[in-house]
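1. Got a sequence here, can you build the structure:
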Amino acid sequence: MITIAAPREPSPETRVALVPDIVSALVRAGHRVLVESGAGAASTHPDEAYTAAGAEVVPAIDLAAVDVLAHVTPLPATALTRLRPGAVTLGLESPLDDDERLAAANANRLTVLAFERLPRTSRAQSMDVLSSQALAAGYRCVLEAAIRLPRFFPLAMTAAGTVPPAKVVVLGIGVAGLQAIATAKRLGAKVAANDIRPDSAEEARSVGATFIDVGLDAAEGTGTGGYARALGSSAAERQQAALAPHIADADVLITTAAVPGRRAPLLVTGPMVAAMRPGSVVVDLAASTGGNVEGSRPGEDVRVPSSRGGGEVTVVGLASAPSDLPADASRLYAKNVANVLALLVADGELVVPLDDDIVAGLALTHDGVTRDRDGAPVAPPADAVPVTPETDLTTGPGPDVATPPGADLTSPVSPDTAGEDRTTSYAGGRR
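-> Below is the predicted model of the structure:
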């Protein structure tokens, strides 16, 4: 039997790493599950549902008693120092090069499993958090656009005349982009799409979109594992020039392009946005990682005067689209977590089988060493400071550290009047 725990995530994150259905399955398998009180409240999973599923709902989790801590937002370094040596964390960890958190994990010899590092293989698909959460994000993008667009999405033929369908352009044809295309089509819009990976043309057409060919070859757009790669400046300029007339003619622009582990590529400049019709809507899914659209800000609507006159274009920067759909996003996330957990248990004991390509790929740190994607050790920075539970890590990341949506790296663990604090109350009181 192993002890698995899920904390209450720091605000504004609304998702939870384990849902009652998954807890029930883990308990039936003989494991002990701890859930921090209120962890599922924002995703419609009350404490009573976790109790009924067999979990122990506690005011704060004693991190020293946990074998596996499943989480959504990256854990602050102060929490990592309070886990028992050799424990496993499983969740989202971006940015993956946060020296403070890596030092804390290695000082405590933790195995940090980062979903961002999951190999892109058929066997790993059921564990792919990035894909499951992108599904929710792509759907949400279209809803955000539809409620702001001052016109219909579908064609309407009435006695008072014909209303043409809205024109939607989607940039980025990964899971989020495909879901955005499918959702816009279901609402009746006319959809065109582009991705720098030429192989994505057939995927776009399969869900009813017209593919916009900007003349890039496969080598320029396709990176490791089938992910998109960042374009050089010349190729990026050619792409923008080719996309400009399509964007100018669109009522809605949705951008979903991302390069794993790096700043989101800039696809759309300010003048390209301004060239759109007044009343048009731009939704930037990548706003929290740098933005695909110049001037977008996560969690804000930015008004850009249309160069055509007569009104403005609304640029919607999404902070964390999956968190806007926490019930189903958490359900999918928890299933991904459960599928990884199945690889970490043998004969009722916790194991970290690094001979398994999935576990080896996920492992960001193990046994005091930071690992690259191929499992090779990564040397610590020359100025790295050893981290202990007494080290002051409450001042937050420096100005060059990009904090992911929902992460709260500045919140210290609250004092424990009984002695040294080893609980997850860093998330407490922040809803």
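
2. what about the residue lying closest to Ala156 once chain neighbours are set aside, how many residues close to it?
-> Computed as Cβ to Cβ, 6 or more residues apart in numbering, the closest residue to Ala156 that is not its neighbour in sequence is Val163, at 4.0 Å. Using the backbone N, CA and C atoms, a C-beta is placed for each residue, glycine as well. A count of neighbours around Val163, defined by other Cβ atoms under 10 Å, yields 13.

3. From Ser306, how far off is Val163?
-> 21 Å (Cβ to Cβ, to the nearest Å).

4. doesn't Phe153 make contact with the residue nearest to Ala156?
-> No: using Cβ atoms under 8 Å, Val163 is not in contact with Phe153, being 10.1 Å away.

5. so what sits against both of those two?
-> Both Val163 and Phe153 lack any common contacting residue under the criterion Cβ atoms under 8 Å, 6 or more residues apart in numbering.

6. all helices for the chain, in order.
-> 20-28, 47-53, 77-80, 99-107, 129-148, 175-186, 200-206, 218-221, 233-248, 270-274, 326-341, 357-362 (DSSP state H).

7. pLDDT on the fifth one, on average?
-> Per-residue confidence for helix 129-148 averages out to 97 on the pLDDT scale.

8. How about the first one?
-> The average of the pLDDT scores along helix 20-28 is 97.

9. So that it lines up with my notes, have the first residue be 366 from now on.
-> I'll keep to 366 as the first residue from here, and by that count the last item is helix 385-393.

10. Give the residue spans of the chain that score low on pLDDT.
-> Low-confidence segments of the chain, defined by pLDDT under 70: 582-597, 625-626, 745-796.

11. Recalculate using a threshold of 80.
-> Within the chain, the ranges that satisfy pLDDT under 80 run 563, 581-600, 624-627, 738-741, 744-796.

12. looking at it, which residue ends up farthest from its center?
-> For the chain, the residue at maximal distance from the C-alpha centroid (Cα atoms, centre = their mean) is Ala524, at 45.8 Å.

13. correct me, but Ala479 touches Asp463?
-> No: shown here, Ala479 and Asp463 do not form a contact pair, counting by Cβ under 8 Å, at 10.9 Å.

14. Name the nearest residue to Ala566, sequence neighbours excluded.
-> By the measure of Cβ to Cβ, 6+ apart, the closest residue to Ala566 outside its immediate chain neighbours is Phe576, 4.2 Å from it.

15. what's the distance between that neighbour and Asn559?
-> Here the distance between Phe576 and Asn559 works out to 7 Å (Cβ to Cβ).

16. now swap in Glu714 and tell me
-> 49 Å.

17. higher neighbour count, those two?
-> Each of Glu714 and Asn559 has its neighbours counted (other Cβ under 10 Å); Asn559 has more, 28 against 10.

18. residue contacts, the more buried one?
-> By Cβ under 8 Å, 6+ apart, the contact set of Asn559 is 534-536, 538, 576-579, 608, 611.

19. Would you mind measuring from it to Gly537?
-> Taking Cβ to Cβ as the measure, Asn559 falls 8 Å from Gly537.

20. One more: Arg447?
-> As defined by Cβ to Cβ, Arg447 lies at a distance of 39 Å from Gly537.

21. out of those two, which sits in the more crowded spot?
-> Residue environment comparison for Arg447 versus Gly537 gives the larger neighbour count to Gly537, 29 against 23, counting by other Cβ under 10 Å.

22. if I read this right, that one contacts Val624, doesn't it?
-> No: the pair Gly537 and Val624 does not pass the contact test of Cβ under 8 Å, sitting 10.4 Å apart.

23. Any chance you could list what contacts stretch 474-482?
-> Taking Cβ under 8 Å, 6+ apart as the criterion, the residues outside stretch 474-482 that touch it are 445, 448, 450-459, 461, 470, 492-495, 625-626, 701, 705, 717, 724, 726-733, 738.

24. so of those residues, which ones are in strands?
-> By the criterion of DSSP state E, membership of the contacts of stretch 474-482 in strands covers 453-456, 728-731.
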